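J.: what's the 3D shape of this:
(one chain, ligands or ions: 2)
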Amino acid sequence: MAAQHTKLPWWKTGPIYQIYPRSFLDTNGDGLGDLEGIRRKLDYLQDMGVRGIWLSPLYPSPLYDFGYDITNYHDIDPVFGSLETFKLLVREAETRGISLIMDMVLNHTSHLHPWFIESRSSRDNPKRDWYIWKDGPRGPSGKGYPNNWMAAFGGHAWTWDKPTEQYYLHLFTEEQPDLNWRNPEVQKAMLAEMQFWLDLGVKGFRLDVINYLVKDAQFRNNPYHFRMTYPRRHDLQHHQFDRNQPETYEIVHRIRSLMDRYAGASEDTMLVGEVYPDEGVHAPDLAATYIGIGKDLLHLAFDFSTIYTSLTAADLHSVLQTWYGVLSPSAWPCHVLSNHDQSRAASRLCAGSDSEAKKRVLAALLHTQRGTPFLYYGEEIGMEDGVIARKDLQDPLGKKYYPFHPGRDRSRTPMQWTRESAAGFTNGRPWLPVNRDYRERNVEAQQRDPSSLLHWYRDLITLRQEEPALLDGSIEFFETGLQENVLAYVRRKAGSEVLVVLNVSGQTRPNPIRRGGTVLLSTHRKPQGTIEHDTRLAPWECTVYK
Ligand code: GLC
Ligand code: CA
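T.: Ligands and ions are numbered 1, 2, ... in the order given. The predicted model follows:
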C-alpha cells in the first residue's frame, strides 16, 4: 500500500489532526493538557491513520488569548512541559509516521514579549518600529483614533500608550500588539524563530491569520459594510486596508523559501495558512491566492466556506465546486469542518434529529474529496460543542460578547477518553467543563464498538490511503442528484474509478449514478457486496463503490 504512493509528500497522504493542547490529555493533575499527554496518545492517532498533527500554540503565553499571545517563540510554556519533552514527542511521532506542525502566530506577539516591552519603552528605542505606533489625528497628544480600524475582540484596534503618548495597533486584544511586517528586521527575526523549530524536526507550520500581516501603507479607513451580525463593530467594515495587502505575498514567499530549504527531495515540509475573510463571507478566491501560483507561496490554505455552509447536497456541492474552481490545477486542496475558533460541525451542521447519521455523512465527504482532510480533536468520536456557563467562560471573545456570541470555549472542551470522572482527561479539575455526554460518548466506548463513528473515521482514512483514485484522483460531480439532496461524485485515476454517493437527507432516495458496482465501504451495505444501478439509497446512506 505505502509503496505505490511514496511519491506523495506526507501531508497529502493522510489527515492532519489538530490538537488544542490544553484540552487533549492532562498527565499531572493540574487540569491542563500537556505534551506528555499528547505523547501517550500517539498510538491512538497512529491507529486512526493520522499523518500529521497541528499543535495549537504551546509557547509561553500570559493567556490573554489562550496561547495566541506569545512571549517567547522558541520555548515551550512550562504548563505543557519543556523543550526536552517536545523533542521526545517529535521523535516518537516520527517513528509512527506522524509529522508535527506548529501554529505560528506572526501577526502579533504578546504585549509582554520582550520586543514589545522594548518597543513601548521610548520613541527612539531600536525596536520602536517593530510594532505599529501612530499619533492621534491631532498630533502627539491629540485625541481621536488614528483611523477607524476595529479590533476583532472588541473596541478600537488602537490603544493609547501614556508613557510615550502614541497609539499602538492591535487587530485582536490590546494584549496582542501587531508587528510591523514592513520592517525587514521583524521579518528576519520571525524567520529565525521558524527556523528554530525546523531544526528540531518540525515539518511545517499552520500560519495564523496570514493575510493580516501587512497593513495599508497610508492607514486608510476601512469602508463600512452593513451585515447582520452580533454587535461587533469590527464586522460592519470591509477589511480592505487592515489586511490582504499585496506585500504580504512577498513575505509568504520568503517563508516558503525557508521551508523549501528544509524540504528534502520529498517535499516534506508544509505550510498551511489561515486566510481569514470578512466575517461570514465565503472567500475561497482569496484563500486560493495564497497557494503557490506562479511563484511559490503556501502549500495549503483553509477555505472557511465549509464553516459557513449548511448540510444540504446543493450547498455542499456549491462550496466544493467553487473551491476547486478557484484553485489552479496544480494546487492541492484541503478541507476543514471544525477548529478551535468555530462551533464544531457536529453541532453546527448536525444538530437535531439523526445527528449521528449526519456526522457520518460529513466524515465520508471529508475523506473522499480531493485534497487533505483536517480533523479537529474529538471530531472522530462526534464531540459536540460544550455548554459553558457564563462564570466558566475563558475566551476573551465570549467574555466580551456574551450572550450575543457564546465565545470559543464551547469547541475547546476536554477530549472525552473514557467514562471515568472528567472523561479520563484529568485527575484534577479540568480548565473547562467536560461535555455532559462523555459517559456515552468517549474513545474507550467507541474503540470497543465496531459500528462506532470512530471506526467509520478509521475505515475512511484507510480507504483513502488504499485507493489511488481517492488519494489523488480527479473529481466529477453528478449534479442530477442535487435536487433530491444526494451528493454523488466519481473520483478517477489512471483508469480506475471510485464512486461516492451520499444521501444528505433522512428520506429514501434514488441513486443518481446509474451504475452498479462492488461496495468498498458503506454505512448500510456490506463491503464487497454489490450495489445495483437502480438501488434506492437509505436515509443518510453513504456508500463508496467501484
Ligand atoms: C486566529 C486563531 C485564533 C486567534 C487569532 C488571533 O484566528 O485561530 O484562535 O484568537 O488568530 O491570534
Ligand atoms: Ca497538565
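J.: Kindly report the domain assignment for this structure.
T.: The domain map for the chain lists 10-109+182-461, 110-178, 474-545, with the assignment taken from automatic domain parsing.
J.: out of these, nearest to residue 467?
T.: Each of these has some distance to residue 467 by CB to CB; the shortest is domain 474-545, at 5.4 Å. From N, CA and C alone the C-beta is placed, and that goes for glycine too.
J.: tell me the mean pLDDT over the closest one?
T.: Taken as a whole, domain 474-545 has a mean pLDDT of 97.
J.: same question, stretch 368-385
T.: Stretch 368-385 comes out at a mean pLDDT of 98.
J.: circling back: closest to ligand 1 out of the domains of the chain?
T.: Among these, the nearest to ligand 1 by CB to the nearest ligand atom is domain 10-109+182-461 (3.4 Å).
J.: How about the closest one and ligand 2, touching?
T.: Yes. Applying CB under 5 Å from the ion, one finds domain 10-109+182-461 in contact with ligand 2 at 26, 28, 30, 32, 34.
J.: Three-state assignment for the nearest residue to the first one once chain neighbours are set aside, please.
T.: Think residue 26. What sits nearest to residue 26 in space, not counting adjacent residues and going by CB to CB, 6 or more residues apart in numbering, is residue 426, at 3.7 Å. At residue 426 the chain is in coil, as set by DSSP: H, G, I helix; E, B strand; the rest coil.
J.: residues of the strand or helix carrying residue 320 that come out buried?
T.: Element membership of residue 320 [criterion: DSSP states H and E] is helix 313-326. Going by neighbour count (16 or more other CB atoms under 10 Å), the buried part of helix 313-326 is 313, 315-317, 319-320, 322-324, 326.
J.: I'd like the average pLDDT over that helix.
T.: Mean pLDDT, helix 313-326: 98.
J.: what's in contact with that helix?
T.: Contacts with helix 313-326, where a contact means CB atoms under 8 Å, 6 or more residues apart in numbering, come from 282, 284-285, 287-288, 303, 305-306, 309, 333, 365, 369-370, 475, 477, 479, 481-487, 502, 504-505.
J.: I figured residue 424 hits residue 430, correct?
T.: No. Applying CB atoms under 8 Å as the test, residue 424 and residue 430 come out as separate, 10.7 Å apart.
J.: Residue numbers of the stretch 101-250 of the chain in contact with ligand 1?
T.: Taking CB under 6 Å from any ligand atom as the contact definition, the stretch 101-250 of the chain meets ligand 1 at 105, 172, 208-209.
J.: mind redoing it with 8 Å?
T.: Proximity of the stretch 101-250 of the chain to ligand 1 (CB under 8 Å from any ligand atom) is limited to residues 103, 105, 107-108, 152-153, 171-172, 176, 208-209.
J.: swap in the stretch 251-400 of the chain?
T.: Within the stretch 251-400 of the chain, the positions near ligand 1 by CB under 8 Å from any ligand atom are 274, 276, 339-341, 397.
J.: Which member of these is positioned nearest ligand 2?
T.: residue 340 (18.0 Å; CB to the ion).
J.: show me the contacts for the nearest residue to that closest one once chain neighbours are set aside.
T.: Of all residues not flanking residue 340 in the chain, residue 20 sits nearest, at 5.0 Å (CB to CB, 6+ apart). Residues in contact with residue 20 (CB under 8 Å, 6+ apart) are 33, 56, 340, 377, 412.
J.: Ranking by neighbours, what's the top pick from those?
T.: Most neighbours among the contacts of residue 20, by other CB atoms under 10 Å: residue 377, with 28 neighbours.
J.: where in the stretch 201-350 of the chain is pLDDT low?
T.: Low-confidence segments of the stretch 201-350 of the chain (pLDDT under 70): 293-295.
J.: what does the stretch 1-150 of the chain give?
T.: Ranges of the stretch 1-150 of the chain meeting pLDDT under 70: 1-6, 139-142.
J.: can you pull the contacts of residue 48?
T.: Applying CB under 8 Å, 6+ apart, we find residue 48 in contact with 17, 380, 454, 457-458, 461.
J.: how about the contacts of residue 20 in JSON lines, adding secondary structure and distance to residue 161?
T.: Output for these, formatted as JSON lines (DSSP: H, G, I helix; E, B strand; the rest coil; distance: CB to CB, whole Å):
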{"residue": "33", "secondary structure": "coil", "distance to residue 161": "35"}
{"residue": "56", "secondary structure": "coil", "distance to residue 161": "29"}
{"residue": "340", "secondary structure": "coil", "distance to residue 161": "30"}
{"residue": "377", "secondary structure": "coil", "distance to residue 161": "38"}
{"residue": "412", "secondary structure": "coil", "distance to residue 161": "31"}
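J.: Closest to residue 186 out of the residues you listed?
T.: Among the contacts of residue 20, residue 56 lies closest to residue 186 (CB to CB), at 23.2 Å.
J.: For the closest one, list the residues it contacts.
T.: 18-21, 67, 103, 340.
J.: Relative to residue 118, how far out is the most centrally placed residue in the chain?
T.: Nearest to the mean C-alpha position of the chain, by CA atoms, centre = their mean, lies residue 339 at 4.9 Å. Distance of residue 339 to residue 118, computed by CB to CB, to the nearest Å: 33 Å.
J.: just residue 11 next, same as before
T.: Residue 11 sits 37 Å away from residue 118, going by CB to CB.
J.: Over to residue 240?
T.: Taken as CB to CB, the span from residue 240 to residue 118 is 32 Å.
J.: before we move on, the earlier item: show me which of the contacts of helix 313-326 are buried.
T.: Listed as buried from those are 282, 284, 287-288, 303, 305-306, 309, 333, 365, 369-370, 475, 477, 481-482, 484-487, 502, 504-505; burial here means 16+ other CB under 10 Å.
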